[in-house]
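Engineer: Quick one: sequence and predicted model below, then my questions.
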Amino acid sequence: MPAVSVDDITVLPRIPAPDPTVARHRSVVSLTTAPSGVEGDGFPVRRAFAGAYLEDLDPFIHLDQMGEVEYAPGEAKGTPWHPHRGFETVTYMLDGVFEHSDSNGGGGVITNGDTQWMTAGAGILHIERPPDWLVAHGGLFHGFQLWVNLPRAQKLAAPRYQDIRAGEVALATSPDGGALVRVIAGEVAGHRGPGTTHTPITLVHATLAAGARLALPWRADFNALVYALAGHGSVGTELRPARMGQLAVLGPGNTLTVSADPVQESRSPTFDVLLLGGRPIREPIAWAGPFVMNTREEVAAAFEDYRAGRLGTIPAVHGAPTTIQEAPGADGR
Ligand code: MN
């Protein structure tokens with residue numbers, strides 16, 4: 001799991017231990033296990049948010065862990081061209097390569113530790129897939145895609161695309177150097193990540209060595225979610241066990257704590273977690289397939305606009321697929 005790593009973690013700035021006189025530790029209110037699914041043209045995912053309450057996740061609406069999978073030659077898959085409206089996607093690669101193109105002229109290639117942000121806003125068509133050489137040769141593929149909701153006033157914002165390179169992510173460590181903290185978006189203890197979303201969020205990928213403990217200040221007005229990407233450990237000061245593929249929703253407080261078990265499996269020697277926080281939007285959610293709006297009528301209008309070609313057209317790119325798939329159904333993306 002390379003993402004961004006450092007040769008000598010001890011040279012990184014240290015996030016001080018929370019002041020016990022003001023720290024209010026967030027405890028675990030629910031722990032759910034992500035079921036496996038299949039996305040796009042058939043790549044394996046874990047549905048990280050399945051089983052959790054949407055109001056606890058707000059402003060996040062969907063999280064897929066993509067892989068981890070070792071593709072055989074010819075096996076790697078992506079998505080067909082498909083539409084979105086009403087939210088933003090954040091795609092982060094830990095291993096492997098993903099290509100993106102959209103109808104707004106955005107696009108790029110992301111790999112180990114890179115992040116791609118796409119504001120669908122008023123509407124966009126896009127395609128996400130491994131590059132041809134990865135399909136031909138096979139190889140490791142591991143990442144995640146997060147959906148961040150937009151408030152009513154910004155659902156029809158102009159589409160936007162940002163590529164964030166691995167080297168732009170803010171790095172820090174815990175007082176004893178046992179945890180590598182990558183701040184991708186938002187701010188933690190004065191360390192600010194490069195990602196910008198319309199809805200304020202904090203997004204951290206932390207790697208804890210076996211036996212390490214990480215306590216971070218966490219904005220009290222944000223929610224707090226911990227998703228275990230690899231390894232096993234515990235969440236909260238009550239040490240609620242969590243392992244790869246599990247999501248912990250935390251309650252109120254201003255401090256978030258994660259601990260790695262002292263013994264990890266050799267295939268994943270570290271406890272890797274995504275830490276997610278955002279300011280809840282508290283608006284009604286009407287969601288069908290690739291559209292996340294406030295009302296059913298707005299979702300119906302999105303499907304109608306898509307059919308009429310008003311969400312954009314597929315750009316003429318040599319070698320790109322030229323057929324639009326059927327509009328995805330309720331479980332489509
Ligand atoms: Mn998509």
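Structural biologist: Received, thanks. Numbering: from 1, shown residues only.

Engineer: in the sheet, who's paired with the closest residue to A179 other than its chain neighbours?
Structural biologist: Ranked by Cβ to Cβ, 6 or more residues apart in numbering and with sequence neighbours excluded, the top spatial neighbour of A179 is L214, at 4.1 Å. (Each C-beta comes from the backbone N, C-alpha and C, glycine too.) Beta-bridge partners recorded for L214 (DSSP bridges): V258.

Engineer: And the strands in the stretch 201-333 of the chain?
Structural biologist: Along the stretch 201-333 of the chain, counting by DSSP state E, counting those that start in this stretch, strands occupy 201-208, 213-217, 224-230, 232-235, 240-243, 246-250, 255-260, 271-278, 286-288, 291-293.

Engineer: which ones are touching the residue nearest to A179?
Structural biologist: Taking Cβ atoms under 8 Å, 6 or more residues apart in numbering, we find L214 in contact with 174, 178-179, 181, 206, 208, 257-259.

Engineer: As TSV, those with distance to F144 would be great.
Structural biologist: Shown next, in TSV, are the contacts of L214 (distance: Cβ to Cβ, whole Å):
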residue	distance to F144
S174	23
G178	23
A179	19
V181	17
A206	14
L208	18
T257	22
V258	17
S259	22
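
Engineer: Which two among these are spaced furthest apart?
Structural biologist: Using Cβ to Cβ, the contacts of L214 span at most 14.3 Å, a distance reached by V181 and S259.

Engineer: A strand includes V181, no?
Structural biologist: Yes. Under DSSP: H, G, I helix; E, B strand; the rest coil, V181 sits within a strand.

Engineer: so how far is H137 from it?
Structural biologist: Taking Cβ to Cβ, to the nearest Å as the measure, V181 falls 33 Å from H137.

Engineer: Just want to know which of those two has more residues nearby.
Structural biologist: Ranked by neighbour count (other Cβ atoms under 10 Å), V181 and H137 place V181 first, with 26 against 12.

Engineer: Just give the nearest non-adjacent residue to the more buried one, would you?
Structural biologist: Closest residue to V181 apart from its sequence neighbours, by Cβ to Cβ, 6+ apart: A172 at 4.6 Å.

Engineer: can you check P13 too?
Structural biologist: Excluding the flanking residues, the one nearest P13 by Cβ to Cβ, 6+ apart is A172, at 5.0 Å.

Engineer: mean confidence for the host helix or strand of that neighbour?
Structural biologist: If you go by DSSP states H and E, A172 is part of strand 170-173. The average pLDDT for strand 170-173 rounds to 96.

Engineer: how about E88, phi and psi?
Structural biologist: Phi and psi for E88, reported as degrees, to the nearest 10, are phi -120, psi 150.

Engineer: which residues sit against stretch 50-59?
Structural biologist: So stretch 50-59 is contacted by 29-30, 32-35, 49, 61, 148-149, 199, 201, 223, 225, 247, 249, 278-282, 285 (Cβ under 8 Å, 6+ apart).
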